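> kindly return the folded structure for what I paste below:
(one chain, ligands or ions: 1)
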Amino acid sequence: MNYRFLFLLIFILLATSGWPIFVLAGKTDPGVPVLLYHRITKDREVPLDSCCVLPEKNFDEQIDYLYRQGYQTINSTQLYNYITKNKPIPMKSVVLSFDDSYASDYEIVFPTLKKYGYTGVFFAITGDMVKNKKSAGRIKEMAEAKMDIESHTVNHYYLGGGKLSGGVRSLTASVLLADHELWDSRQYLEKALDKKIKFLAWPGDSYNERLVALAKEDGYIGLFMAKPSRTNNIFSSGYNQGQNSFNVYPSDPFYLKRINIDNSVTFEMFKNLMTTGHLVYE
Ligand SMILES: [Zn+2]
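Next up, the predicted model:
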């Protein structure tokens, strides 16, 4: 048996065994999309034109599409290792992230991800976990099932100030308050979940250079931003709309790009986004 044949045989065995075939990222690599979801709803539960809401049937359609296209989900650490160290990840990788710990995380998203063998990154507001024991228990259960739980601060203040909309408390944070929001949320989650917390998503995408520096001091190794969608114009410091929305190697882990998916994103737009890296409104 010559070596070429042996390599071919191993490749075929791997390809047909269901094992992911890993690739090293190169210059032509399109990068990794990080999708951002908030509340997933059953029909007519909440107005669909409000910010950050997606009907369950649209969510199912998107996850089913990703699965049929051969996408595999990775967690925040795998994303970090890829964009900073070029560590191999599956050829078609995607990060599914969920902010604010809505009940739908546990009731709709968690069972759906399990059904597809997928994982998700859930950014939790720890002040809510303290107040709501049921929610805290659910988050713990999800962490035990290998879902990736990370920090979305203690109180969900918009730490960098900026453009704000109804009902959300805002402030330009003092260093002390920001430090409490960043540090204490990490400490709480590490204790509650018995794991290292290394990633944070900025509430309302509101941050500045000073806050990024503070988050680094507080032990975070990666920070997630959010790109605005049409109905969600509260995100004030989103990066340029014309830019590719995917995360490539090498890039700065303190400015991880996410794409906000809500009801303003049609299925055609979603498919186009996954193919091109651009969210284009019809
Ligand atoms: Zn949030």
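> how far is stretch 55-74 from where the chain is centred?
14 Å (CA atoms, centre = their mean, to the nearest Å).
> what do you get for stretch 79-94?
The answer for stretch 79-94 is 14 Å, by CA atoms, centre = their mean.
> ok, now stretch 112-125?
For stretch 112-125, the distance to the chain centre is 10 Å (CA atoms, centre = their mean).
> kindly report the same for stretch 183-195.
The chain centroid and the centroid of stretch 183-195 are separated by 19 Å under CA atoms, centre = their mean.
> also stretch 244-260?
11 Å.
> say whether the ion is contacted by that stretch.
No. Legend: contact between stretch 244-260 and the ion by CB under 5 Å from the ion is lacking; minimum distance shown is 10.5 Å. C-beta coordinates here come from the backbone N, C-alpha and C atoms, glycine included.
> how about that stretch: buried residues?
In terms of neighbour count (16 or more other CB atoms under 10 Å), stretch 244-260 has its buried residues at 245-249, 251, 253-254, 256-260.
> which ones among the residues you listed are found in helices?
Using DSSP state H, no member of these sits in helices.
> output the set of residues of the stretch 51-200 of the chain in proximity to the ion.
Taking CB under 5 Å from the ion, the part of the stretch 51-200 of the chain that reaches the ion is made up of 99-100.
> ranges for the helices of the stretch 1-150 of the chain?
3-16, 56-68, 76-85, 103-104, 110-116, 126-131, 133-144 (DSSP state H, counting those that start in this stretch).
> do the stretch 151-282 of the chain as well
Ranges of helices in the stretch 151-282 of the chain, per DSSP H, counting those that start in this stretch, are 175-179, 185-193, 209-217, 267-276.
> still on that earlier bit, please identify the deepest-packed of the helices of the stretch 1-150 of the chain.
helix 76-85 (a mean of 19; mean count of other CB atoms under 10 Å).
> one step back: out of the helices of the stretch 1-150 of the chain, which comes closest to N155?
Of all these, it is helix 126-131 that lies closest to N155, at 4.8 Å by CB to CB.
> for that closest one, packing partners?
Judged by 3 or more CB pairs under 8 Å, 6 or more residues apart in numbering; DSSP states H and E, the packing partners of helix 126-131 are helix 133-144, helix 185-193.
> ok, now which ones touch A192?
A192 sits next to 129, 136, 139-140 when contact means CB atoms under 8 Å, 6 or more residues apart in numbering.
> point to the residue nearest the middle of this protein.
Nearest to the mean C-alpha position of the chain, counting by CA atoms, centre = their mean, stands S97 at 2.7 Å.
> skipping adjacent residues, who's closest to M274 in space?
Excluding the flanking residues, the one nearest M274 by CB to CB, 6 or more residues apart in numbering is P33, at 6.4 Å.
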